[in-house]
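Asks: fold the stuff below for me.
(chains A and B)
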Amino acid sequence: MRTLTGTGTLVRLILRRDRIRIPLWLIGLAFFALSSASGVQGLYRSRAELAAAARIVEDNPAFIAMNGPAQALDTFGGRAAWEIGAFGLATVALMSMFLMGRQTRAEEESGRMELVRAAVVGRHAPVTAALTVVAGVNLLLGALVSAGFIALDFPTRGAFVMGGAFAAVGLVFAALTAVTAQITEHTRGVYGITGALIGLAYVLRAAGDIGNGSLSWMSPIGWAQAARPFAGERLWPLGLALVFSALLTYIAFALGSRRDVGAGLIAPHPGPPVASNWLARPLGLALRLQRGALIGWTTALFLSGLAYGSVGQDVEELIGDSPEMADMLAQAGGNIVDSFFATTILMLALLGSGFSIQAALRLRSEESSGRAEALLVTGISRARWALAHLTVAIVGAAIVVGAGGLGTGISYGLSVGDLGQIPRLLGASLVHLPAVWVLTGLAMALFGLSTRAAMIAWAALGASVVIGFFAQLFGFPDWVRDLSPFTHTPQVPAADPTAGPLVILFALAVGLVALGLWAFRRRDVTTP
Amino acid sequence: MTSSIEVGKLVKTFGPTRALDGLDLSVATGEVHGFLGPNGSGKSTTIRVLLGLLRADSGITTLLGGDPWRDAVTLHRRLAYVPGDVNLWPNLTGGEIIDLLGRLRGSLNKKRRADLLERFDLDPTKKGRTYSKGNRQKVALVAALASDVELLILDEPTSGLDPLMEAVFQDCIREVKAEGRTVLLSSHILAEVEALCDKVSIIRLGKTVQSGTLTQLRHLTRTTIVAETAEPATDLAELQGVHNLLSDNGRVHFDVDTAHLDEAMRHLTSFGIQSLTSHPPTLEELFLRHYGDAVTEDAESQRPDGASASNKSAS
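Replies: Numbers count the residues shown, from 1 in each chain, chains lettered A, B, ... in the order given. Next up, the predicted model:
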């Protein structure tokens, strides 16, 4: 066990470094789960109301694709578990990914791991320490969720399985991140690969839940939902998650024994000895640095769009069977397929905002690494340097979001034999761009004020997601809903596009970018 | 002679920390100016103010006749900078980074680039992440030296280079100087500063404590004398300007202020000098005098650390 020497000390180091971050994740996720649960208790007064609402869900594949299979939706527990759903579980997976990646590959990439490993520390101690902490965080999160559900008077057995589902998903993705951290040399790569696998797990269970269910068994998120909290609980799918986590941990250890500190499993190749003309200008460089992310996000959104588009026809076929749905539609005054696509396209636009914020915040990492300094002393202005990365963020957002709309249009258009759907759904996705750009502009404005403040842009995206999908459940007042730029975007294709709000959002985005540039030119460049 | 850098009473604070506290620095055009100071004394902060990356709180800063904050972009075309801690883009090759920085600056001498790659023995096809610290510094050095700029600002540029490459670096700086270009060289490698610099400024706690040519600086300080006399030398301690006196069986070891050297030597001759060694203060001694916390404004201090410093330099 000499390869584990020093694990205890490293565990304490991690707890010290993340003493703010870990409680924030725990409080955030537990608050999300428990406020969803108490939201259900507040929104529905009786089992009969729950049953009526359940029929709407059962008949609507969009809801099932988004949240999970309809299990005991006529009970408060079942409804709460469903509302938290796949989205909540995927967020737990993201927490595990970020906490693990930060303590493993990010430490190696920065060179700090070398310092640690040169001390009396075994080869596997760093990854073991990180896994120990993240596993502990997930167990604690599970315990908080269970305790909260019990305190809210939900059935005890279901409350424990609910907490167990959270912990199980977290454990699987912590172990998975331990594996991906061995493969690539870059933290960005770790997050890219793991994030894509979380997305895949989410989409596989969506496809499985709409279809015959077999695909859901390919997904750890599917296993957690197969434990059926509050809906005839069973524990063995959680056991499956534990076994899989152990297997992944074993793989991570085996890979870790085979590689050098700081290296990945893929050896670096030599490249060109001179720069192309295109590279040697700020925009060319920004594009080169962000090329991988742009291609990755575009592909991911296009594929998600294809997946959503392909179920559009099922949505249509279901209308006839559902009088409740027909009623609801009559009230909403729309077409069910269009309102389905309005929801999925909003989701794609929010994902695209993730790319755009990430691309804009590249400014921050370039600055804090000292690489910006090298460029800013060559005679390009701060504004020109910032605008190069912003161009990638702004134009890239159009490409990424457009790819989502295009994918939706292509698969839906082909399935119903109407190619006119392609421009229609592509257009519907592009309508969200001014709102996306407001978030991009916010990232720039915050970055201009200070590098530390820049990360608040992610919180703004998180708030927009919560407002976009949970405003009704949480009973947010209008002024809270109005805080999200997406609230003001017409929900095309369900609603008609109107230019007014789009022009205002666009002007706001431009104003935020200008504010960011103005502030950035007035502050000190951060010393690495 | 015109000046390339003129800094007066420069103040820069970071929150409660006063990083620069009335710093003065003057670098004439065409000279190689050594910029010395202990870690954290404000060298890099001064350089970042000169580069327009940090905004000064007060004081005068003139760089190549312009204001480094207001005229940053135009001034940057006329200078090149090598940081002490070079961070490269992990997925670009060394060659790409050299070209990128050169073209953004607007001047890259292709012939000199090839020549420098050869002399520094640098492989331009490797990716940024695979270079060692020394090789990362070479990338930044080649990018800076291959440009046709008037002013080079180098912040500990050789801390990761091996002795062979250090020699190549010194040759390059001599060539730069021969072309009439100006260099501000912050360094901890004293042999390098002694070999290259016309003038030196020593700073401490954000203030300039000494500035001048090496000869001037030496003149301001003390000469170390070790002598053996026929009769034991007495009364040396009573002489003005004698410090750190150690005597042992007719052998004396002391430092004397350059202004009182003549007096001390006359006194010593009266005891019959049998052997005598004297050496001017090395840069290291200058350094230690100005760096050490024990050294105060009071130059009359009789603490033995001056003696230990000269022992070290003699070895």
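Asks: what stretches of the stretch 201-315 of chain B score poorly on pLDDT?
Replies: B:219-220, B:291-315 (pLDDT under 70).
Asks: what residue in it comes nearest to chain A?
Replies: As assessed by C-beta to the nearest C-beta, chain A sits closest to B:Gly206 within the stretch 201-315 of chain B, at 15.2 Å. Backbone N, C-alpha and C define where each C-beta goes, glycine included.
Asks: look up phi and psi at the closest residue to that residue other than its chain neighbours.
Replies: Leaving aside its sequence neighbours, B:Gly206 sits nearest to B:Asp21 (C-beta to C-beta, 6 or more residues apart in numbering or on different chains; 3.8 Å). With angles defined as degrees, to the nearest 10, B:Asp21 sits at phi -130, psi 70.
Asks: what's B:Asp21 in contact with, if anything?
Replies: B:Val11, B:Gly42, B:Leu205, B:Gly206, B:Lys207 (C-beta atoms under 8 Å, 6 or more residues apart in numbering or on different chains).
Asks: those: which two are farthest apart?
Replies: Across the contacts of B:Asp21, no pair lies farther apart than B:Val11 and B:Leu205, at 12.6 Å, counting by C-beta to C-beta.
Asks: so is the residue of chain B most remote from its centre in a helix, a strand, or just coil?
Replies: For chain B, the residue at maximal distance from the C-alpha centroid (C-alpha atoms, centre = their mean) is B:Glu231, at 43.0 Å. Following DSSP: H, G, I helix; E, B strand; the rest coil, B:Glu231 is assigned to coil.
Asks: for B:Gly102, same thing?
Replies: B:Gly102 - assigned by three-state DSSP - is helix.
Asks: which ones are touching it?
Replies: A:Ala280, B:Leu108, B:Arg113, B:Ala143, B:Ala146, B:Ser147.
Asks: let's see which of those end up in helices.
Replies: Counting by DSSP state H, the part of the contacts of B:Gly102 found in helices is B:Arg113, B:Ala143.
Asks: please tabulate the contacts of B:Gly102 in JSON lines, including the columns neighbour count, distance to A:Ser353 and pLDDT.
Replies: Shown next, in JSON lines, are the contacts of B:Gly102 (neighbours: other C-beta atoms under 10 Å in any protein chain shown; distance: C-beta to C-beta, whole Å; pLDDT from 0 to 100):
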{"residue": "A:Ala280", "neighbour count": "18", "distance to A:Ser353": "31", "pLDDT": "79"}
{"residue": "B:Leu108", "neighbour count": "20", "distance to A:Ser353": "39", "pLDDT": "86"}
{"residue": "B:Arg113", "neighbour count": "21", "distance to A:Ser353": "42", "pLDDT": "95"}
{"residue": "B:Ala143", "neighbour count": "26", "distance to A:Ser353": "37", "pLDDT": "94"}
{"residue": "B:Ala146", "neighbour count": "25", "distance to A:Ser353": "42", "pLDDT": "94"}
{"residue": "B:Ser147", "neighbour count": "23", "distance to A:Ser353": "40", "pLDDT": "90"}
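Asks: closest one to B:Thr61 out of the contacts of B:Gly102, please.
Replies: Nearest member of the contacts of B:Gly102 to B:Thr61, counting by C-beta to C-beta, is B:Ser147, at 22.6 Å.
Asks: one step back: contacting residues around the residue farthest from the centre of chain B?
Replies: Contacts of B:Glu231 (C-beta under 8 Å, 6+ apart): B:Gly250, B:Phe271, B:Gly272.
Asks: ok, B:Val82 next?
Replies: With C-beta under 8 Å, 6+ apart, B:Val82 has these contacts: B:Gln137, B:Ala140, B:Leu141, B:Ala144, B:Leu152, B:Ile153, B:Leu154, B:Asp155, B:Pro157.
Asks: same thing but 7 Å
Replies: For B:Val82, the contacting residues are B:Ala140, B:Leu141, B:Ala144, B:Leu154, B:Asp155, B:Pro157, taking C-beta atoms under 7 Å, 6 or more residues apart in numbering or on different chains as the criterion.
Asks: follow-up on the earlier one: of the contacts of B:Asp21, just the buried ones, PyMOL syntax please.
Replies: The PyMOL selection below is limited to those of the contacts of B:Asp21 classed as buried (16 or more other C-beta atoms under 10 Å in any protein chain shown):
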select buried, chain B and resi 11+42+206+207
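Asks: find the residue closest to residue 187 in space, skipping its chain neighbours.
Replies: By default, I'm working from chain A. A:Ala106 (4.3 Å).
Asks: hm, I was asking about chain B
Replies: B:Val193 (5.4 Å).
Asks: tell me the pLDDT of A:Ala118.
Replies: pLDDT recorded at A:Ala118 is 84.
Asks: count the neighbours of it for me.
Replies: 9 (other C-beta atoms under 10 Å in any protein chain shown).
Asks: again with B:Ala114
Replies: 13.
Asks: what about it, distance to A:Ala275?
Replies: Distance of B:Ala114 to A:Ala275, given as C-beta to C-beta, to the nearest Å: 14 Å.
Asks: repeat for B:Thr13
Replies: Counting by C-beta to C-beta, the gap from B:Thr13 to A:Ala275 is 39 Å.
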